[in-house]
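>>> Mind looking at a prediction? Sequence and model below.
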Amino acid sequence: MLRRVATVLALVFAVLLGGVLLWPDGSLVNRAVVEVYVVLLHAGVPSSVRPEHYAAALNVLAFVPLGWLGVAWLRRRVPVVVLALGGLSAAVEAVQLLPVLHREATLLDVACNTAGALLGALAGSLVREQPTGEELVDEGRDVGGDHLG
């Protein structure tokens, strides 16, 4: 049950994230990051932690649920998920280069998104259901398989 709820939440988040990443007006996202900065500044976070630090952290966090989904729900291997999401991030940044979107595309965003995908994929690999003794396991592909011979 908990796995289903987490999956639904991650899927909803993925759809919302797609909307935010491709929203035509990048200033809305920038204003939201500055608002987070102001709130946390008033909460006692040092002023040396700048809005661009929050933007980088949000870029990491944005891809954690997607990495989790790829491994825990779609049952893909961690490297495949990380490479696919890194490619997706690069494609989004390429789309953001379109003048009509008024967005700023950066390689730092791709690196942060890919780091988030890695964190999510690793977390997903920890919670992925392991096969029971009743299920057939391909010992040739099983990490713990007996490889004698």
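Received the coordinates, thanks. Residues are numbered from 1 along each chain as shown.
>>> How about Asp109, nearest residue that isn't a chain neighbour?
Spatial nearest neighbour of Asp109, chain neighbours left out: Asn59 (5.2 Å); criterion: Cβ to Cβ, 6 or more residues apart in numbering. (Glycine included, C-beta is placed from N, CA and C.)
>>> What about the one you found, how many residues nearby?
Using other Cβ atoms under 10 Å, Asn59 has 21 neighbouring residues.
>>> same check, this time on Phe13
When neighbours are counted by other Cβ under 10 Å, Phe13 registers 16.
>>> my guess is Arg75 contacts Arg128, does it?
Yes. Assessed by Cβ atoms under 8 Å, Arg75 is found in contact with Arg128 at 7.0 Å.
>>> out of everything not next to it in sequence, what's closest to the spatially most central residue of the chain?
Central residue of the chain (Cα atoms, centre = their mean): Phe63, 1.1 Å from the mean position. Using Cβ to Cβ, 6+ apart and skipping the chain neighbours, the partner closest in space to Phe63 is Gly116 (3.3 Å).
>>> mind checking pLDDT for that neighbour?
If you check Gly116, the pLDDT there is 97.
>>> which helices and strands does whichever strand or helix holds it pack with?
Gly116 belongs to helix 107-127 when assigned by DSSP states H and E. Helix 107-127 sits against helix 51-68, helix 78-96, with contacts defined as 3 or more Cβ pairs under 8 Å, 6 or more residues apart in numbering; DSSP states H and E.
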